[in-house]
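Chemist: sequence and predicted structure below; questions after.
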Amino acid sequence: MVGFVSPRTGAPLRQDGDALVSAAGESVPVVRAIPRFVGSEGYASAFGLQWNLHSQTQLDSRLGANLSRTRLERCLGMPLEMLAGLRVLEAGCGAGRFTELLVRAGALVHAIDLSTAVDANRRNIGDARNYVVAQADLRDLPFPARTFDVVLCLGVLQHTPSPEASIAALWRMVAPGGLLVIDHYTWTLSRLTKLGPLYRQVLKRLPPARAKRITDVLVDVFFPLHWAVRRTKILQQLLSRVSPCLSNCHIYTELTRAQHEDWCRLDTYDELTDHFKRLRSVRSIRQTLVALGGVQIQALRYYHVVEARCRKPGGTPCVG
């Protein structure tokens with residue numbers, strides 16, 4: 001496993017009681033077995049609330065489906081089994097929908113999140129020997145540069161102050177010959193024809209707990225309608241124009257009504273309370289990766305998301 005270093009000085013850190021310390025006297029608190037390089041307040045606090053309340057909503061192991069595995073393997077461009085023994089950094093790990101799959105595949109997983117989602121992540125993953133988790137900022141990572149065979153960041157970049165700066169910080173962690181795997185929201189016509197953005201302008205300014213109560217009420221009102229018209233595409237599309245709720249009843253047909261409702265509560269809160277919601281095109285993501293020096297770049301649109309990966313020149317490719 002990769003050892004922690006000080007994000008400020010790069011000095012190695014070692015465990016000393018309930019802290020990680022450096023020879024220069026730097027100290028990072030370890031709370032509930034998780035190093036905390038950042039505090040829990042700030043623009044990511046709403047994410048911490050949602051992942052602790054919905055800690056198992058998206059886990060394949062709970063759903064009895066392979067929704068997360070399918071997405072992860074599509075973004076990686078390879079079966080998960082090919083990650084066995086490789087050093088993997090998962091930036092923005094949330095409650096662990098991808099973490100559990102990476103750990104089970106035998107990767108050496110280093111998971112970080114800016115929010116208290118790390119607590120939910122650790123509860124879900126446990127004490128696996130090939131897994132460590134820390135609360136840290138992906139723009140100021142507590143690892144040596146050029147260390148990881150795979151750096152993975154899914155569902156995160158659009159919520160950061162500067163996606164380009166965030167991608168550059170992740171790129172610094174990729175070892176020569178290693179792989180960077182990311183995704184990012186992109187523009188869609190439907191974003192201009194829905195009422196959700198109007199709700200968001202109000203809800204994102206409220207304390208997270210209050211905003212969650214309001215989005216739950218919205219789901220109570222609108223989700224039964226989404227479920228009722230799930231088999232009628234035109235009615236589902238029309239409803240989505242006026243409903244602020246995000247529902248995939250018409251897509252993930254293998255899930256039960258209760259599972260869909262739980263996922264709707266999570267996604268609706270996520271959609272309407274995020275502090276930043278950046279949008280980038282396939283072209284702009286590709287240009288960012290080219291500017292960093294990436295090779296074997298692949299960037300494709302998948303519904304409302306750009307999924308991209310590239311390799312760092314030099315070394316011997318460890319995967320793919």
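Modeler: Right, received. Where do you want to start? Numbers count the residues shown, from 1 in each chain.

Chemist: can you show me the helices along this structure?
Modeler: With DSSP state H as the criterion, the chain has helices at 45-53, 60-63, 67-76, 99-104, 117-125, 163-173, 196-203, 208-228, 233-242, 257-273, 282-292.

Chemist: what residues sit buried inside the fifth one?
Modeler: Read it as helix 117-125. Neighbour-count burial for helix 117-125, with 16 or more other C-beta atoms under 10 Å as criterion, is recorded at 117, 118, 119, 120, 121, 122, 124, 125. Placement of C-beta: from N, CA and C, glycine included.

Chemist: same check on stretch 35-55?
Modeler: Neighbour-count burial for stretch 35-55 flags 35-38, 44-55 (criterion: 16+ other C-beta under 10 Å).

Chemist: can you list the low-confidence ranges for the stretch 151-300 of the chain?
Modeler: Judged by pLDDT under 70, the stretch 151-300 of the chain has its weakly predicted residues at 190-193.

Chemist: number of residues surrounding residue 251?
Modeler: Number of residues near residue 251 (other C-beta atoms under 10 Å) recorded here: 13.

Chemist: could you check how far it is from residue 260?
Modeler: Residue 251 sits at a distance of 10 Å from residue 260 (criterion: C-beta to C-beta, to the nearest Å).

Chemist: for residue 293, same thing?
Modeler: When C-beta to C-beta is the yardstick, residue 293 and residue 260 sit 43 Å from each other.

Chemist: these two: which is more packed in?
Modeler: For residue 293 and residue 260, the more surrounded residue by other C-beta under 10 Å is residue 260, and the numbers stand at 21 against 11.

Chemist: thinking again about what came up before, export the helices of the chain to a markdown table and tack on distance to residue 298?
Modeler: Written out in a markdown table, the entries for these read as follows (distance: least, C-beta to C-beta, whole Å):
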| stretch | distance to residue 298 |
| --- | --- |
| helix 45-53 | 28 |
| helix 60-63 | 24 |
| helix 67-76 | 10 |
| helix 99-104 | 20 |
| helix 117-125 | 28 |
| helix 163-173 | 15 |
| helix 196-203 | 30 |
| helix 208-228 | 34 |
| helix 233-242 | 30 |
| helix 257-273 | 26 |
| helix 282-292 | 9 |
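
Chemist: between the buried residues of stretch 35-55, which is nearest residue 255?
Modeler: residue 54 (14.3 Å; C-beta to C-beta).

Chemist: what about the closest residue in space to residue 240 that isn't next to it in sequence, neighbour count?
Modeler: Using C-beta to C-beta, 6 or more residues apart in numbering and skipping the chain neighbours, the partner closest in space to residue 240 is residue 194 (6.6 Å). For residue 194, the count of nearby residues is 18 (other C-beta under 10 Å).

Chemist: need the contact list for residue 194.
Modeler: The contact partners of residue 194, by C-beta atoms under 8 Å, 6 or more residues apart in numbering, come to 240, 241, 244.

Chemist: can you do 10 Å?
Modeler: For residue 194, the residues meeting the contact criterion (C-beta atoms under 10 Å, 6 or more residues apart in numbering) are 188, 240, 241, 242, 243, 244, 246, 271.

Chemist: which single one of those residues is nearest to residue 158?
Modeler: Looking across those and measuring by C-beta to C-beta, the closest to residue 158 is residue 271, at 11.3 Å.

Chemist: where does the spatially closest residue to the closest one that is not a sequence neighbour fall, phi/psi-wise?
Modeler: Distance criterion C-beta to C-beta, 6+ apart; nearest residue to residue 271, sequence neighbours excluded, is residue 246 at 5.3 Å. The phi and psi torsions at residue 246 (degrees, to the nearest 10) take the values phi -100, psi 120.
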